[in-house]
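Participant: would you be able to build a 3D model of this:
(one chain, ligands or ions: 1)
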Amino acid sequence: MPPKTCTFDCIYCQLGRTAKKVSKPEELKTTVTVEKIMEDLEKTLESTPLESIDHVTFSGSGEPTLNLQLGEMIDHVKNIVGSSKPVVVLTNASLVCRKDVRANLAEADLVIAKLDAPTQHLFESINRPAENLKLTSVVKGLRALRRETFGRLALQMMFLKSATDKNTNHQYATVKRLAEIASSIDPDEVQINTPTRPPSREDVTPLHLSEIKEISRIMTEVLPRVRILAKGNHGQMKERKKKDSVLETEILGLLKRRPCRLVDLAEAFGVNEGNVKFYINKLVASGGVTSVRLHGEIYYETVR
Ligand code: SF4
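Facilitator: Now for the predicted structure:
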């Protein structure tokens, strides 16, 4: 897995600090090729039946829109998986002010775009963007994306607290302003999250459920026609049947990308926690995976 390459260095990032922070695609010397993505997808489909896939998501170890071949990749993926499997892109929205990036995103069925802060000051303290990235350009770009594309648009907001910094994004006035900005973008959905995995900065802590509910209430008040999805009501997971050897490889693959709890792995693969525990024990015994404790929860990650 290459080191995380991103335009942001979010204080809550589950992938740790950004090893390579860039402000535009042109700063990258090498990127993942279309051929590599197709090769990986075809390999995955050899062991995973197409019927068991709900959708294909582009996220990556960093920001996927930094790759200007993203639109071409989405086209190829659609040719392979067919039109009944929606293609989703998770983006931090830092580059949506660019026409070429919006053209690539227009190929997706659903774009899930990050929006955590209503002011440049909070944008800089939470997302720690690369130099010259402005929140006003992000918001303008999201409005343009909404106007120009036919796919669905969801805004994903991460609300958090900090043990050392009182000025985060969960206070009433900040949430209200964020909701008003969201309303000006006119998304199909707003997703409200709080960090549940080990964050990049240790003082970052998640919100309580009651605080998430209050944020949800404010969002609903300002955006009455928009679907508001808060942590905990994302619906039932689908039970998925997998070959054992495939499950072990996929667990390891996911842990290489980010630390997870047993419950996260069980949800990700649609299997029960007991089943996941069996493979985690095997991976820990072989020395490839280790555990860390955070906020009273046990997370598993690969040994680097
Ligand atoms: S959370 Fe996403 S946008 Fe933020 S630093 Fe991590 S990979 Fe980049």
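
Participant: quick check, Y299 in a strand?
Facilitator: Yes. According to DSSP: H, G, I helix; E, B strand; the rest coil, Y299 belongs to a strand.

Participant: neighbours of it, how many?
Facilitator: By other CB atoms under 10 Å, the residues close to Y299 number 21. No exception for glycine: its C-beta is placed from N, CA and C like everyone else's.

Participant: then H55?
Facilitator: 12.

Participant: which residues touch it?
Facilitator: Contacts for H55 (CB atoms under 8 Å, 6 or more residues apart in numbering) come out as 85-88, 109-110.

Participant: the ligand: which of these is nearest?
Facilitator: V88 (14.8 Å; CB to the nearest ligand atom).

Participant: what helix or strand is the closest one located in?
Facilitator: strand 87-91 (DSSP states H and E).

Participant: now E39: how far from the ligand?
Facilitator: As defined by CB to the nearest ligand atom, to the nearest Å, E39 lies at a distance of 23 Å from the ligand.

Participant: quick check: closest non-adjacent residue to the residue in the stretch 51-200 of the chain positioned nearest to the ligand.
Facilitator: Nearest residue of the stretch 51-200 of the chain to the ligand: N92, at 3.6 Å (CB to the nearest ligand atom). Spatially, and ignoring its direct neighbours in sequence, N92 is nearest to K114 (4.4 Å; CB to CB, 6 or more residues apart in numbering).

Participant: just checking, that neighbour touches A93?
Facilitator: Yes. Counting by CB atoms under 8 Å, A93 is a contact partner of K114 at 5.5 Å.

Participant: make a markdown table out of the contacts of H55 and add pLDDT and distance to I215.
Facilitator: Formatted as a markdown table, those follow (pLDDT from 0 to 100; distance: CB to CB, whole Å):
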| residue | pLDDT | distance to I215 |
| --- | --- | --- |
| K85 | 89 | 32 |
| P86 | 92 | 27 |
| V87 | 95 | 29 |
| V88 | 96 | 23 |
| D109 | 95 | 27 |
| L110 | 95 | 22 |
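
Participant: can you tell me which of those is closest to Q69?
Facilitator: V87 (14.3 Å; CB to CB).

Participant: for the closest one, list each beta-bridge partner.
Facilitator: Beta-bridge partners for V87, by DSSP bridges, are V56.

Participant: so how far is F123 from the residue nearest to N92?
Facilitator: Between K114 and F123 the distance is 11 Å, computed by CB to CB, to the nearest Å.

Participant: circling back: which elements pack onto the strand holding V88?
Facilitator: Using 3 or more CB pairs under 8 Å, 6 or more residues apart in numbering; DSSP states H and E, the elements in contact with strand 87-91 are strand 56-58, helix 70-81, strand 110-114.

Participant: can you tell me what sits against the helix or strand just after that strand?
Facilitator: Under the assignment DSSP H and E, the closest C-terminal helix or strand after strand 87-91 is helix 99-105. Here helix 99-105 makes contact (CB under 8 Å, 6+ apart) with 65, 68, 70-71, 74, 89, 91, 95-96, 111, 141, 144-145, 148-149, 151.

Participant: what of stretch 37-44?
Facilitator: With CB under 8 Å, 6+ apart as the criterion, stretch 37-44 contacts 56, 73, 76-77, 80-81.

Participant: list the buried residues of that stretch.
Facilitator: Across stretch 37-44, burial judged by 16 or more other CB atoms under 10 Å covers 37, 41.

Participant: can you point out the buried residues in stretch 139-154?
Facilitator: For stretch 139-154, a neighbour-count test (16+ other CB under 10 Å) marks 139, 141-142, 144-146, 149, 151, 153-154 as buried.

Participant: give me the subset of the residues you listed lying in strands.
Facilitator: Within those, residues falling in strands by DSSP state E are 153-154.

Participant: by pLDDT, give me the weakest of the buried residues of stretch 139-154.
Facilitator: Lowest pLDDT within the buried residues of stretch 139-154 is found at T149 (89).

Participant: what sits against the closest residue to it other than its chain neighbours?
Facilitator: Nearest residue to T149, sequence neighbours excluded (CB to CB, 6+ apart): A106, at 4.2 Å. When the contact criterion is CB under 8 Å, 6+ apart, the partners of A106 are 71, 145, 148-151.

Participant: then T136?
Facilitator: T136 sits next to Q120 when contact means CB under 8 Å, 6+ apart.

Participant: shouldn't T220 be within a helix?
Facilitator: Yes. Assignment of T220 by three-state DSSP places it within a helix.
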